[in-house]
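Student: here is a sequence with its predicted model. Questions after.
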Amino acid sequence: MSTLTGVVIAKLVGEPVFAAALAVSLAIAAMSLTRSLHPPGGAAALTAVIGGQSVTSLGFAFPIPVALNAVVLVAMGIGFHKLARRQYPHLVIPTPTNTHLTADVPPQLRSGYQEADVDAALSELGETFDIDRGDLNRLVREVSLQAAIRTRGPLLCSDIMSRDVILISKDVQAIEARALLLRHNIRTLPVVDQAGRLAGVIGLRELALAGADIEQSMAQAAVASPHDKALALLPVLTDGRTHAVVIIDAGRNVLGLVTQTDLLAAMSGLPA
């Protein structure tokens, strides 16, 4: 995009100095509007203006090798981040919403700092940071969570999980799953396959939409390791949908269950 901008300006404007300034300015404006700001983009536009006869002779074909190089770089970036197990390209995390269709603010946003506090802090600092406001909000919340984990001690999932877990096979009928939920007064049943590995979870919400077979209606399970920090489950157990996290080993065998009640009881006994 920035290279094409430079080519257009080079053809329309005769004065090199003015053309260079205009090309770089428009390239930066275009990248800002498309949320693809990258400093070398301005340099690419500048190259198209000051490249002389070699660029002029190519005309609108000049951006093609630049575009091909960009595609190769993006492909390499995706490959590198896949190997490093990092998300790339960056995905915007959606803002928490109230899943109960009421006017209340989602539980995650009712305590601690608010988005208005982020705006006030940015205004007080009087600076512009090269980070999206939503990402900044997510970063600060993660910092708060990690600080809580550090200051409240090494409480692990294995310390608070239920170990006598009521399981159900994915081959059973929905009526049996409903009976187990009601008999044991629980909200989530881990569903296992014939080898005993976790396949999903089922609750009354899923059963309300289920047919005779639960396999087609079970939901994806939220999982954790017994060695994970228990407080790290807070974001999951306060999303408005998840009532329990299934604790599994490397082979997806069910070792335990941490419910909202388990975590709340554990936190009530921790020092402030």
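Tutor: Perfect, I can see it now. Numbering: from 1, shown residues only.
Student: when you work out contacts or count neighbours from here on, use the C-alpha atoms and nothing else.
Tutor: Will do.
Student: L189 pairs with what?
Tutor: I202 (DSSP bridges).
Student: what's the longest helix anywhere in the chain packed up against?
Tutor: Of all segments of type helix in the chain, defined using DSSP state H, the longest is helix 63-83. The contact analysis (3 or more CA pairs under 8 Å, 6 or more residues apart in numbering; DSSP states H and E) places helix 63-83 against helix 2-12.
Student: now the helix or strand following the helix it packs on: buried residues?
Tutor: Where DSSP states H and E defines the elements, the next helix or strand beyond helix 2-12 is helix 16-33. Residues A19, A20, A21, L22, A23, V24, S25, L26, A27, I28, A30, M31 are the ones in helix 16-33 that count as buried (16 or more other CA atoms under 10 Å).
Student: same list (those) but as CSV, adding distance to M218 and pLDDT.
Tutor: CSV is the format used below for those (distance: CA to CA, whole Å; pLDDT from 0 to 100):
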residue, distance to M218, pLDDT
A19, 61, 69
A20, 60, 72
A21, 59, 72
L22, 58, 75
A23, 55, 74
V24, 54, 74
S25, 54, 77
L26, 52, 78
A27, 50, 78
I28, 48, 78
A30, 46, 80
M31, 44, 78
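Student: just the strands in this structure please.
Tutor: Under the criterion DSSP state E, strands of the chain are mapped to 168-169, 189-192, 198-202, 223-224, 244-248, 254-259.
Student: quick one: residues in contact with the fourth one.
Tutor: Applying CA atoms under 8 Å, 6 or more residues apart in numbering, the contact partners of strand 223-224 are C157, V245, V246, I247, I248.
Student: just among those residues, which is most surrounded?
Tutor: Highest neighbour count within the contacts of strand 223-224: V246, with 28 neighbours (other CA atoms under 10 Å).
Student: list the buried residues for stretch 173-183?
Tutor: Q173, A174, A177, R178, L180, L181.
Student: likewise stretch 225-239?
Tutor: Buried, per 16+ other CA under 10 Å, within stretch 225-239: S225, P226, K229, A230, L231, A232, L233, V236, L237, D239.
Student: ok, those residues vs R152, which is closest?
Tutor: Closest to R152 out of the buried residues of stretch 225-239 is L231 (8.9 Å), distances taken as CA to CA.
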